[in-house]
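A.B. asks: Just need the structure, nothing else, for what follows:
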Amino acid sequence: MKTAICILLILFCVSSIEAGDREILLELFQATNGSKWKKRTNWGSSESICSWHGIKCSPSQEAEEVHVPEDNLDSILPSSMEQVTSQVIEINLDNNNLVGSLPDSLGELSNLKVLSLKKNKLTSIPESIAKLTHLTDLDLRKNKIKGEFPNFITNLRELVHLRLSNNEMTGTLPETLSKLIHLTTLDLGSNKFSGELPQVNFRTLQYLLLGRNQFSGSLAPIIKLPVRHLELHSNRLSGSIEGIEKLRGVEILRLYNNDFTGLIPEQLTFKLVELDLGGNQLSGHIPKVIGNLPKLKNLFLSNNNLEGIVPHVVFQAPALIEVNLTNNEFSGEIPQHIQLKKLEHFEAASNKLTGSVPNAFQNLKVCNLNKNEYKCPLPEWVKEKCGITCE
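C.D. replies: Residues are numbered from 1 along each chain as shown. Below you'll find the predicted structure:
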């Protein structure tokens, strides 16, 4: 008898929990024009909520994950969201038409670990988000969020990934970001942040993506970070790039379209896969170290003031696939006796190159040597392949 009573109690509790979640999920369905969702299998039916499209349940039949991306949800998220069982650990409503502010009630989802609402039309982040002390992943990319960086986010001490790029955020970044001691991804690109880069001490950061903002000043604040992928392109940064050799673990380094001056350092990390320094005011020569970078695939140095000959080392890098030296001051002849190895794409238009074009360039997929100082006659393949109009 006691066993039977226990079973009945468990079944009653489970059914009560599911009934509560059912009611709140139905509010979400109705508030976001559920009848127009692309996929809505079992939503609103008498079937268990665990069979509803995008709902994953815990063993106790509580809603644990809500995944309804790319499903034509629109309007404003209902404030009743906090009444969904506290067992919810993940919400993904990416790529819908949600508008306005996130409801304050989201802060009551005490076990939430992942909140992903990218590619919507949200305009603000409520301070109640700071109550989500278990949150590891916050992704609000490609919305319409305005205002300064919400400092209360730095109270989310378990955050691993913070992505707020492609919004309309302004102001400076706080040094309190360093409080996010587990952060591996900080993606704030394509906003309107300004001021100098913050003095931060991230020990775990792997991806720092701050491109397409209005940052000014030097690279000094971030030069010793343990990042693998660093994007600071399309800002207003200036000064020397000396010190980038201290980025020992960096694989992708994108500093293009800034106001950097001076020389390219003679030492660079051997882990580099892509180096993009285009669109600055760098001068001097291409350093010899380029030929010794075993993983370098992409070298972009266009639109600078680099000079001298195109050195042989450019063709020695064993993994190099694409080189762009367009619009510099390179002169003389490209080395003739070269092997392309893996090189497929070579551009050096708008320089002062002369002489002959290496026969090996016949094997390139893309060759652009237009607007140099080549003299006729030149082989027909050179003119056709590399777009040369010679004098």
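
A.B. asks: what bridges to residue 216?
C.D. replies: residue 196, residue 236 (DSSP bridges).

A.B. asks: What separation do you get for it and residue 192?
C.D. replies: 13 Å (Cβ to Cβ, to the nearest Å). Glycine gets a C-beta too; all of them are placed from N, C-alpha and C.

A.B. asks: repeat for residue 387
C.D. replies: Applying Cβ to Cβ to residue 387 and residue 192 gives a distance of 38 Å.

A.B. asks: How about the contacts made by residue 276?
C.D. replies: By Cβ atoms under 8 Å, 6 or more residues apart in numbering, residue 276 lies in contact with 233, 253-256, 298, 300.

A.B. asks: Show me which of those residues is closest to residue 266.
C.D. replies: Nearest to residue 266 among the contacts of residue 276: residue 253, at 15.8 Å, using Cβ to Cβ.

A.B. asks: Now do the SS call for the closest one.
C.D. replies: On the three-state scheme (DSSP: H, G, I helix; E, B strand; the rest coil), residue 253 is labelled strand.

A.B. asks: Correct me if wrong: it contacts residue 227.
C.D. replies: No. Judged on Cβ atoms under 8 Å, residue 253 makes no contact with residue 227 at a distance of 9.0 Å.

A.B. asks: between those two, what contacts are shared?
C.D. replies: residue 247.

A.B. asks: Confirm that residue 28 sits in a strand.
C.D. replies: No. In this structure, residue 28 is helix, not part of a strand, as judged by three-state DSSP.

A.B. asks: neighbours around it, how many?
C.D. replies: Residues lying near residue 28 (other Cβ atoms under 10 Å) number 19.

A.B. asks: for the nearest residue to it once chain neighbours are set aside, what are its contacts?
C.D. replies: Nearest in space to residue 28, with sequence neighbours left out and distances taken as Cβ to Cβ, 6 or more residues apart in numbering, is residue 78 at 5.9 Å. With contact set as Cβ under 8 Å, 6+ apart, residue 78 has these partners: 27-28, 31, 103.

A.B. asks: Quick check: the gap between residue 78 and residue 71.
C.D. replies: Counting by Cβ to Cβ, the gap from residue 78 to residue 71 is 16 Å.

A.B. asks: Show the pLDDT at the residue nearest to residue 28.
C.D. replies: Note on residue 78: pLDDT of 80.

A.B. asks: Please apply the same query to residue 282.
C.D. replies: On pLDDT, residue 282 comes in at 98.

A.B. asks: which stretch of helix or strand covers it?
C.D. replies: strand 281-284 (DSSP states H and E).

A.B. asks: Low-confidence bits of this protein, can you list those?
C.D. replies: The chain contains residues with pLDDT under 70 at 1-19, 80-86, 390-391.

A.B. asks: about what we covered before: who does the strand holding residue 282 pair up with?
C.D. replies: strand 259-262 (parallel), strand 305-308 (parallel).

A.B. asks: thinking again about what came up before, make a PyMOL selection of the buried ones in the contacts of residue 276.
C.D. replies: Applying 16 or more other Cβ atoms under 10 Å to these leaves a buried subset, and the PyMOL line that selects it is:
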select buried, resi 233+253+254+255+256+298+300
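
A.B. asks: Relative to residue 287, which of the contacts of residue 276 is nearest.
C.D. replies: Set against residue 287, the nearest of those by Cβ to Cβ is residue 253 (14.1 Å).

A.B. asks: Residue 278 versus that closest one, what's the distance?
C.D. replies: 12 Å.

A.B. asks: So residue 199 is in contact with residue 175, correct?
C.D. replies: Yes. Residue 199 lies in contact with residue 175 (Cβ under 8 Å); the separation is 5.5 Å.

A.B. asks: how about the strands in the stretch 201-350 of the chain?
C.D. replies: Here the stretch 201-350 of the chain has its strands, by DSSP state E, counting those that start in this stretch, at 207-209, 214-217, 229-231, 236-240, 252-254, 259-262, 274-276, 281-284, 298-300, 305-308, 322-324, 329-332, 345-347.

A.B. asks: now the ones you listed as a markdown table including distance to residue 183?
C.D. replies: Below are the strands of the stretch 201-350 of the chain laid out as a markdown table (distance: least, Cβ to Cβ, whole Å):
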| stretch | distance to residue 183 |
| --- | --- |
| strand 207-209 | 9 |
| strand 214-217 | 18 |
| strand 229-231 | 14 |
| strand 236-240 | 22 |
| strand 252-254 | 18 |
| strand 259-262 | 26 |
| strand 274-276 | 23 |
| strand 281-284 | 31 |
| strand 298-300 | 27 |
| strand 305-308 | 36 |
| strand 322-324 | 31 |
| strand 329-332 | 41 |
| strand 345-347 | 35 |
